[in-house]
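Peer 1: got a sequence here, can you build the structure:
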Amino acid sequence: MIIDIPYYEDNTRISNSAIGWFLNKGPAYFHNKLSGLVEDEKTSAMDKGTMIHMYLLQPHEFKEHYKVWTHNRPSSTNQEKFVQALVDSVEIEPDKALISAYKSAYSTSNLSDDKVLQKAKEVKNSLSEYILQMEMKSKTETLISMSDYVKVNKIYENIQSHKLAKELLEPTCGKTFHEFHINWDYNGLPCKSLLDSVNFDYDAHICTIMDLKTTVKIGHFEDSVNQYDYTRQLMFYTEAVRWYIKNELHEDPYSWEFKWYIIAIDTVSDGEIRVFKFDYSQLILAGAKIESAINDIKWHFDNNLWDYRREYYEGDGAETLNL
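Peer 2: Okay, the predicted model is just below:
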């Protein structure tokens, strides 16, 4: 297995997320996304999920990537935009840089440049240490608040006190890999998977796939499973691991038993932990969906047609719905 491109930079392979783009937003969006014409979506919820994942699965990388910040930090979106514009500015004259940064973050239509400069200096002075840190920090370092750090530590403690979650993250048998990157092929189409956690019990031939999910729906997590098609993700990971067992371990993947779990982490209150187990009967329909999507994606690549779905091109223009 050759891995010469970092997972998130490799647009030559199809991921489970890419299948979601194809199924939910169509071939044109899928193609534009892989071509780099559509920027990745970034939200505060995604940032929080990334932070929690790294704290739990890659603690050493967390210490390198995140820094707890106890001084003043932006308290509004406008202040965040101001700081970022100021840090990114290439303006040589400080006052002009301040004015430009302030105008990019605030409405200034009725203000003179002198007044804008005054307000910009006020914001800068209140956030001087934060701005200095932002100017000096490496591009891979992220500042988080003490409350954020306390929250991720509380989540870790909750997992440690949960009898199954702790065992899934820190198994006592087999060998566990976190952030396990597999480059593989499905029906001739190059694919990629990055598993949160996978455990191989080589003696018993048992593979346990575990995924972490942050959620605001801890009490009715089935809604999230359906909304985000988590069973498809688990099945896609299963196909990736089967490929790995066959091509890297040189064993029959169907001689292995698979187990599937999701550790759901509440991000609303005190980091409640719930563990959900899945069985193959819940995943098998997702397998058919993956195979159908992969075959359609391959057809679009082979024919270089992206404006409409395959059914449009092969028929009279009408498409059917799965109701």
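
Peer 1: going by C-alpha atoms from here, please, whenever you check contacts or count neighbours.
Peer 2: Fine.

Peer 1: check contacts around Ser161.
Peer 2: Ser161 makes no contacts at all, as judged by C-alpha atoms under 8 Å, 6 or more residues apart in numbering.

Peer 1: quick one: it from Ile263, how far?
Peer 2: 13 Å (C-alpha to C-alpha, to the nearest Å).

Peer 1: show me the strands in this protein, by range?
Peer 2: Using DSSP state E, the strands found in the chain span residues 66-69, 142-145, 175-186, 189-201, 206-215, 257-266, 273-278.

Peer 1: which one of the ones you listed lies closest to Asp223?
Peer 2: Among the strands of the chain, the nearest to Asp223 by C-alpha to C-alpha is strand 206-215 (10.4 Å).

Peer 1: centre of the chain to the closest one, how far?
Peer 2: 14 Å (C-alpha atoms, centre = their mean, to the nearest Å).

Peer 1: I'd like to know which elements that strand is packed against.
Peer 2: helix 44-57, strand 189-201, helix 230-247, strand 257-266 (3 or more C-alpha pairs under 8 Å, 6 or more residues apart in numbering; DSSP states H and E).

Peer 1: send me it as CSV with only the CA atoms.
Peer 2: This file holds the C-alpha atoms of strand 206-215, laid out as CSV (Å, rounded to 0.1, in the frame of the first residue of the first chain):
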residue,chain,number,x,y,z
ILE,A,206,-11.6,-10.2,15.0
CYS,A,207,-11.5,-6.7,13.7
THR,A,208,-13.2,-3.9,15.7
ILE,A,209,-13.9,-0.6,13.9
MET,A,210,-14.7,2.3,16.2
ASP,A,211,-15.6,5.8,15.3
LEU,A,212,-15.9,8.9,17.5
LYS,A,213,-18.9,11.3,16.8
THR,A,214,-19.5,14.6,18.6
THR,A,215,-23.2,15.4,18.7
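
Peer 1: mind listing the strands it pairs with, and their directions?
Peer 2: According to DSSP bridges, strand 206-215 forms sheet pairs with strand 189-201 (antiparallel), strand 257-266 (parallel).

Peer 1: mind putting those strands in JSON lines, mean neighbour count and mean pLDDT included?
Peer 2: Formatted as JSON lines, those follow (neighbours: other C-alpha atoms under 10 Å; pLDDT from 0 to 100):
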{"stretch": "strand 189-201", "mean neighbour count": "20", "mean pLDDT": "97"}
{"stretch": "strand 257-266", "mean neighbour count": "19", "mean pLDDT": "97"}
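
Peer 1: could you check stretch 85-99 and say which residues are buried?
Peer 2: Ala85, Leu86, Val87, Asp95, Ala97, Leu98, Ile99 (16 or more other C-alpha atoms under 10 Å).

Peer 1: wait, what's in contact with the fourth one?
Peer 2: Going back to what we said before, that points to Asp95. Applying C-alpha under 8 Å, 6+ apart, the residues near Asp95 are Leu117.

Peer 1: ok, now how distant is it from Lys213?
Peer 2: Asp95 sits 45 Å away from Lys213, taking C-alpha to C-alpha as the criterion.

Peer 1: picking that back up, nearest to Asn304, out of the strands paired with strand 206-215?
Peer 2: strand 189-201 (14.6 Å).

Peer 1: residues in contact with the closest one: which ones?
Peer 2: 7, 12-16, 57, 169, 171, 173-185, 206-212, 236-237, 240, 294, 298.

Peer 1: and the angle from it to helix 230-247?
Peer 2: 80 degrees (axes from the mean of the first three to the mean of the last three C-alpha atoms, to 10 degrees).

Peer 1: how about strand 189-201 as CSV, C-alpha atoms only?
Peer 2: Provided in CSV are the C-alpha atoms of strand 189-201 (Å, rounded to 0.1, in the frame of the first residue of the first chain):
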residue,chain,number,x,y,z
LEU,A,189,-11.8,3.0,-8.5
PRO,A,190,-9.0,4.3,-6.2
CYS,A,191,-10.4,5.0,-2.7
LYS,A,192,-9.1,6.2,0.6
SER,A,193,-10.2,5.8,4.2
LEU,A,194,-9.0,7.3,7.5
LEU,A,195,-10.4,5.3,10.4
ASP,A,196,-10.7,6.9,13.8
SER,A,197,-9.7,3.6,15.4
VAL,A,198,-9.4,0.0,14.3
ASN,A,199,-8.2,-3.0,16.4
PHE,A,200,-6.9,-6.2,14.9
ASP,A,201,-7.0,-9.3,17.1
